[in-house]
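*Asks:* take this sequence and fold it.
(chains A and B)
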Protein chains: 2
Amino acid sequence: MKFCSACGASVSQKIPPGDNVLRYVCEHCQAIHYHNPKIVAGCIAEWEDRILLCRRAIDPRLGLWTFPAGFMEIGETTEEAAVRETKEEALAEVAILSLYAVLSMPNIGQVYLVFRGRMLAPTFGTGAESLEVDLFKREDIPWEEMAFPVVAEALRCYVRDAETGQFPLQLGAVLERYPS
Amino acid sequence: MKFCSACGASVSQKIPPGDNVLRYVCEHCQAIHYHNPKIVAGCIAEWEDRILLCRRAIDPRLGLWTFPAGFMEIGETTEEAAVRETKEEALAEVAILSLYAVLSMPNIGQVYLVFRGRMLAPTFGTGAESLEVDLFKREDIPWEEMAFPVVAEALRCYVRDAETGQFPLQLGAVLERYPS
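*Replies:* Coordinates of the predicted model:
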C-alpha cells in the first residue's frame, strides 16, 4: 500500500494512538487502513467414499491438487462460500455436513474453514479455475502433488478420521511455505 | 474506496474478466482491489460458573455489554486472537477450551469465531476499550444491554448449553442490525 484509498495522498506506516500494531496511515486525511486475515472456505466433498479434488488451472501452484476452496466474499455465509467454491471449481452440488477444520496461517494472514460435504449426485466437471476434476478413493489421493500444505494437512486428518467415521473439529495452525 | 492504493489513480467499480462480483479496479494500473469478510475472534471465559463480560468504552455501542472480542490480526492464530482480546479488554488470562461458535454476518462482512475459555485466575480489570468488566452468574447476564445481536446469540446458546455441560459447535448466521 502506497496511497490512501480515501483521498489518494501518500500513506506511511505508524502505530496509531491506542494501538500497538503498525498500520498504513494517510499523511493527509489521517485515515487508518487496517489489513486483516482473509477467510478461505473449502469443502471436502464425498460421493460413495470417494473425495472430490481439483487440479488447479491458475497460479499459485498451477497443476497441483486441492479440494474446492477460495476466498469468502462479503454477502455470504461461510457455508455458502464453501458450496459456491465447489460449484465454481468442480461444477458439483454439495450439501454441507459439518465444519471440519479451522486452520490458521499466521504467516500469510489466512484462515481456512474446511467443511465436510456430501455430493448431491455423482456429477461434476472442470470449472474455469481447474484443469481436471475427479473423485479419488482415499488410497489414491495424489499426496505428492498437493497444492498447499494446509490442504494436505486437512485432507490427511480427514482420511485418518474417515477410518472411524468420526470427524471431530480440527483446530490448529499451519505455517504455509511454498514457492509462489 | 476512491483511489488505488498501489498507484494513487482513481478506481471505478467493474466486474473483472472471469469474475462475477463488482470490484474496485484501478483505471490506471488495472489493479483489482478485493474486499473480503473480516474475522472477529471472541472468548466466553468462565471462572467458577461465572462469565466474563465487558462494558464497551468505544463506539459502536458504547456503554453496552459484550464478551471480549475484536478483529483478528495478521500474524496470529484464531485462538491467539481470542486470548489477546481477553487480555486487552478485560486484563484477564485465559486458556482456550474449544471453538464454540462460528457465526457469519453476511450483511456486514464479518465472521465471529467464539471460543470457550477458562480463566487462569479470578483476576481481571478494565482494559482501555472497556468502561467496566465483571464476572456474571448466568442468571444475571444483562440481556437487555447486549452490544450486538451476534454477541447475544452466542451467549444465549452458551447459557443454554451450560445447563448440560455439553458445548457442540454452533454454526450459523446472524443478520446484524443496530444503530451505528
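*Asks:* any part of stretch A:114-121 near chain B?
*Replies:* No - using C-beta under 8 Å from any C-beta of the partner chain, stretch A:114-121 never reaches chain B; the gap is at least 9.1 Å. Glycine gets a C-beta too; all of them are placed from N, C-alpha and C.
*Asks:* which parts of that stretch are buried?
*Replies:* Buried residues in stretch A:114-121, counted by 16 or more other C-beta atoms under 10 Å in any protein chain shown: A:114-117, A:119.
*Asks:* any stretches of chain A with poor pLDDT?
*Replies:* Along chain A, segments meeting pLDDT under 70 span A:178-180.
*Asks:* again, only this time at 90
*Replies:* A:18, A:176-180 (pLDDT under 90).
*Asks:* can you give me the strands for it?
*Replies:* A:11-14, A:23-26, A:32-33, A:38-47, A:50-56, A:65-66, A:69-71, A:94-105, A:110-119, A:130-137, A:170-173 (DSSP state E).
*Asks:* for the residue of chain A most remote from its centre, which non-adjacent residue is spatially closest?
*Replies:* Distance from the C-alpha centroid of chain A, by C-alpha atoms, centre = their mean, peaks at A:H28 (36.3 Å). Leaving aside its chain neighbours, A:H28 sits nearest to A:A9 (3.4 Å; criterion: C-beta to C-beta, 6 or more residues apart in numbering or on different chains).
*Asks:* quick check: that neighbour touching A:Q30?
*Replies:* No - applying C-beta atoms under 8 Å, one finds A:A9 not in contact with A:Q30, separated by 9.9 Å.
*Asks:* between those two, which one's more packed in?
*Replies:* A:A9 (15 against 12; other C-beta atoms under 10 Å in any protein chain shown).
*Asks:* got the contact list for the residue lying closest to A:S104 once chain neighbours are set aside?
*Replies:* Spatial nearest neighbour of A:S104, excluding adjacent residues (C-beta to C-beta, 6+ apart): B:T77 at 3.7 Å. Residues in contact with B:T77 (C-beta atoms under 8 Å, 6 or more residues apart in numbering or on different chains) are A:104, A:106, A:173.
*Asks:* show the contacting residues for A:A9.
*Replies:* By C-beta under 8 Å, 6+ apart, the neighbours of A:A9 are A:3, A:26-29.
*Asks:* go again with 6 Å.
*Replies:* Applying C-beta atoms under 6 Å, 6 or more residues apart in numbering or on different chains, we find A:A9 in contact with A:26-28.
*Asks:* over to A:D161?
*Replies:* A:F167.
*Asks:* change it to 10 Å
*Replies:* By C-beta atoms under 10 Å, 6 or more residues apart in numbering or on different chains, the contact list for A:D161 reads A:100, A:116, A:167-168, A:170.
*Asks:* buried only: go through those for me.
*Replies:* By 16+ other C-beta under 10 Å, the contacts of A:D161 give A:100, A:116, A:167, A:170 as buried.
*Asks:* from these, which single one is nearest A:P68?
*Replies:* In terms of C-beta to C-beta, no member of those lies closer to A:P68 than A:R116, at 12.5 Å.
*Asks:* so that closest one touches A:Y158, yeah?
*Replies:* Yes - at 7.7 Å, A:R116 counts as touching A:Y158 under the criterion of C-beta atoms under 10 Å.
*Asks:* A:Y112 against A:I44, yeah?
*Replies:* No - between A:Y112 and A:I44 there is no contact under C-beta under 10 Å: 11.2 Å.
*Asks:* A:T86: what's its closest spatial neighbour, skipping adjacent residues?
*Replies:* A:P68 (4.2 Å).
*Asks:* neighbours of that neighbour, how many?
*Replies:* Neighbour tally, A:P68, other C-beta under 10 Å: 30.
*Asks:* same question for the one 5 residues further on.
*Replies:* Counted by other C-beta under 10 Å, the residues lying close to A:E73 total 19.
*Asks:* swap in A:S98?
*Replies:* A:S98 has 13 nearby residues by other C-beta under 10 Å.
*Asks:* domain ranges for chain A?
*Replies:* A:1-35, A:38-173 (automatic domain parsing).
*Asks:* many thanks, I have nothing further to ask.
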